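*Asks:* Next one to model:
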Amino acid sequence: MRKFTINRHLPHFLQVKGMRYILLFGYRGVRYFFLLNFRRHRLIQFRIPGVQSLLHLRNDTSDIPAFYQIFNRRDYDFSFPFIPRTIVDLGGNIGLSSVFFKSRFPDAKIIVVEPDRENFSVLMKNLESYEDITCINSAIWNKRTRLALNRNNLDHWSIYVSETESNTSDTIEALTMTDMMTQHGLDRIDFLKVDIEGAELELFESGFENWLPKVRLLAIELHEHTRPGCCKSFFSALSRYQFKISVNGEFLICHFYEHT
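*Replies:* From the prediction side, this is the model:
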């Protein structure tokens, strides 16, 4: 009987990926690696060190690269000039970014917004053990309207919204930043994460004067390649304020000076 060895039977990129799981999870990493990469159409549950909640991932979706980006590559592990007390997570997907922020800043109040109902159902499972994380199934926009949910190639990570006049089960009520802050009693946002698949074009196109001066630190992924005009809208809004900017992975990090 031939003996199976990882080095002989797995491609090099899987060997490297597998070793990263082992470094992250210890001996449990072997099981997680095979569950997440080789079992299809299942909701996988597991725990990782330093995280309060039981995590849930759909292993035949982009949940896997999202998990790898956040907990292995640690794209959100950038430097904070202060300890945030209020965090708003726009584009929460399945809640992994909020889990990471809560693990790093356990005393922070977090509000997470995700429009897609399938993603939101998994998000609720991932965040149900946290009492001070508020989950909102809506989409941020620059005005009150109805929004249609659109998918790119049925990829759970590529969901974008667009205005619509219909009011069907495939649409959702938009939420403005001003309304969200008022409803949840926020007079400032210490840290705002924005990853909303191109809707940043509308978010920073108008109405930002009411809420952007109340943000201390902003991390944003711009989707200029899918929504031309996102960069122009964003930087035009920022030009009214004093800030310093840096890059961390796919995110631009904007630290605002004290607004006047």
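*Asks:* Now do the SS call for Ser98.
*Replies:* Under DSSP: H, G, I helix; E, B strand; the rest coil, Ser98 falls in the helix class.
*Asks:* who touches it in this structure?
*Replies:* 87, 89, 92, 110, 112, 123, 126-127, 133 (CB atoms under 8 Å, 6 or more residues apart in numbering). For every residue, glycine as well, the C-beta is placed using N, CA and C.
*Asks:* Now do Arg144: how many residues are near it, please.
*Replies:* The burial count assigned to Arg144 is 10, neighbours taken as other CB atoms under 10 Å.
*Asks:* wait, Pro65
*Replies:* Neighbours around Pro65, by other CB under 10 Å: 12.
*Asks:* can you confirm it is in a helix?
*Replies:* Yes: the assignment for Pro65 (three-state DSSP) places it in a helix.
*Asks:* Against Asn119, how distant is it?
*Replies:* For Pro65, the distance to Asn119 (CB to CB, to the nearest Å) stands at 14 Å.
*Asks:* How about Val112?
*Replies:* Here Val112 is placed at a distance of 11 Å from Asn119 (CB to CB).
*Asks:* Same check on Gly29?
*Replies:* Distance from Gly29 to Asn119, counting by CB to CB: 25 Å.
*Asks:* Kindly report the same for Val194.
*Replies:* Counting by CB to CB - Val194 and Asn119 are separated by 16 Å.
*Asks:* Could you do Lys193 as well?
*Replies:* Distance, Lys193 to Asn119, by CB to CB: 16 Å.
*Asks:* next one: Gln45
*Replies:* For Gln45, the distance to Asn119 - CB to CB - is 17 Å.
*Asks:* Settle it for me: which of those two has more neighbours?
*Replies:* When neighbours are counted by other CB under 10 Å, Gln45 and Asn119 differ, and Asn119 comes out ahead with 24 against 12.
*Asks:* so where's the stretch 101-250 of the chain uncertain?
*Replies:* 152-157 (pLDDT under 70).
*Asks:* hey, where'd the helices end up in it?
*Replies:* For the stretch 101-250 of the chain, helices defined by DSSP state H, counting those that start in this stretch occupy the ranges 117-127, 177-183, 200-203, 230-238.
*Asks:* deepest of these, which one?
*Replies:* helix 200-203 (a mean of 24; mean count of other CB atoms under 10 Å).
*Asks:* What is that one packed up against?
*Replies:* Packing contacts for helix 200-203, counted by 3 or more CB pairs under 8 Å, 6 or more residues apart in numbering; DSSP states H and E, involve strand 139-141, helix 230-238.
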